[in-house]
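Trainee: what's the 3D shape of this:
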Amino acid sequence: MEGESSGVQQAQEQGGQEQGVGTQQKQGQQAPQEDQVSGGDGTGYAAQLKAKDAEIETLIEVLNLRIRLEENERLAVGDTIVIPMMDGFTLEREIMVLPPKYAGDYAAVSKKTAQKVASGEWGTSKEPVLAIDGPEPHCDAVVIHVPYHEVRVEENIRVREFVEERRRKACLTPFKELRLGSESIYDWVEEGYTVPTKVIAYLKITEPGIMSPGIYEHPSKPGERLLGPYCYTDGHYWWDRDTWKYVTRHHVRLPQEFVDYVMSGAGDEFAREHIPWARSWFQHIEDGYGDTSRINLLPDDAGDIEDF
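Mentor: Presented below is the predicted three-dimensional model:
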């Protein structure tokens with residue numbers, strides 16, 4: 001939008017702070033300056049931006065933005081808005097709909113919706129909104145050809161950080177049977193394999209790492225279903241909650257670098273700090289529930305070692 005700074009422009013200047021996906025407010029950061037990408041002449045930046053925009057144009061994703069308007073500011077269908085992306089680029093997109101209230105309001109951006117509106121199956125707002133004047137705490141605007149999972153907003157930033165954190169840590173149990181990777185636990189079985197007691201004690205540390213409330217089959221008991229996976233971590237490695245049992249009972253090998261790490265004493269400080277105050281995922285969830293009426297059905301583990 002041209003002229004006096006609008007709510008959209010202010011959001012851009014603040015790194016997309018008032019732009020959002022769905023119905024939640026988001027935060028982001030500004031796109032890099034030209035010299036950060038191309039060395040100062042701008043040509044490299046422009047070329048990358050054009051290539052990225054051309055790639056995005058092949059998509060048909062619809063994005064809802066939540067925007068705050070201040071006094072004397074206006075947002076209208078047809079205005080152009082700049083959207084900050086996770087990779088540092090920005091996308092300019094035309095506002096197509098303001099503000100959608102019914103499924104049929106998306107007819108302007110969806111052929112399927114337009115067909116349902118034409119058939120009478122879906123209704124639309126009686127009078128389409130063409131412009132919104134501030135002040136307005138939030139108003140919803142629809143744009144298209146934007147990969148919503150790449151928009152620089154809080155959820156996507158947290159997801160990216162989570163993925164990067166997992167990449168930095170080594171998984172001791174990357175097994176498809178445990179829903180933690182692509183390798184097979186059966187390929188890691190070595191008859192007679194053992195590790196020092198110190199390693200087993202380390203694997204019993206219950207510092208919550210990641211969890212997923214799914215269901216999978218016990219790898220050594222066909223037909224028996226387990227909840228999870230849920231895993232523990234020391235900040236460098238992460239492993240399934242029953243790893244020590246797989247090693248002790250079924251002779252599943254551990255990466256030698258992990259065994260060396262523990263035996264070298266590199267993890268001693270972590271062990272001293274956590275073993276006296278061990279908190280399993282079950283306890284972690286219990287603490288989160290507090291005095292509420294919610295019930296925690298997650299077991300501490302997959303059973304005693306004798307029955308494992």
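
Trainee: Pass me the low-pLDDT residue ranges in the stretch 1-150 of the chain, would you?
Mentor: Applying pLDDT under 70 to the stretch 1-150 of the chain flags the ranges 1-60.

Trainee: same thing but 50
Mentor: Flagging of the stretch 1-150 of the chain using pLDDT under 50 yields the residue ranges 1-41.

Trainee: quick one, helices of it?
Mentor: Shown for the stretch 1-150 of the chain, the helices assigned by DSSP state H, counting those that start in this stretch span residues 7-13, 34-38, 43-56, 111-119.

Trainee: buried stuff in stretch 65-74?
Mentor: Using 16 or more other CB atoms under 10 Å as the test for burial, stretch 65-74 gives 65, 66, 67, 68, 69, 73, 74. Yep, even glycine has a C-beta here, placed from its N, CA and C like the rest.

Trainee: which outside residues touch the regular element (helix or strand) spanning residue 270?
Mentor: Element membership of residue 270 [criterion: DSSP states H and E] is helix 268-274. For helix 268-274, contacts defined as CB atoms under 8 Å, 6 or more residues apart in numbering pick out 201, 202, 205, 206, 207, 234, 235.

Trainee: Tell me the helix or strand right after the helix or strand hosting residue 166.
Mentor: Using DSSP H and E, residue 166 falls within helix 154-168. Remark: after helix 154-168, the chain's next helix or strand is strand 170-171, criterion DSSP H and E.

Trainee: Tell me the strands beside that next one, with direction?
Mentor: Strand 170-171 sits in its sheet next to strand 237-240 (parallel), going by DSSP bridges.

Trainee: rewinding a little: quick check: ChimeraX command selecting the buried ones in the contacts of helix 268-274.
Mentor: A single ChimeraX command selects the buried members of those (16+ other CB under 10 Å):
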select :202,205,206,207,234
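
Trainee: Distance to residue 113 and secondary structure added to the contacts of helix 268-274, as TSV?
Mentor: Below are those laid out as TSV (distance: CB to CB, whole Å; DSSP: H, G, I helix; E, B strand; the rest coil):
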residue	distance to residue 113	secondary structure
201	59	helix
202	56	helix
205	52	coil
206	49	coil
207	48	coil
234	50	coil
235	48	coil
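
Trainee: farthest pair in the buried residues of stretch 65-74?
Mentor: The largest separation in the buried residues of stretch 65-74, counting by CB to CB, is between 66 and 74 at 16.5 Å.

Trainee: which residues sit in contact with residue 83?
Mentor: Shown in contact with residue 83 (CB under 8 Å, 6+ apart): 16, 19, 63, 65, 90, 91, 92, 93, 143, 146, 151.
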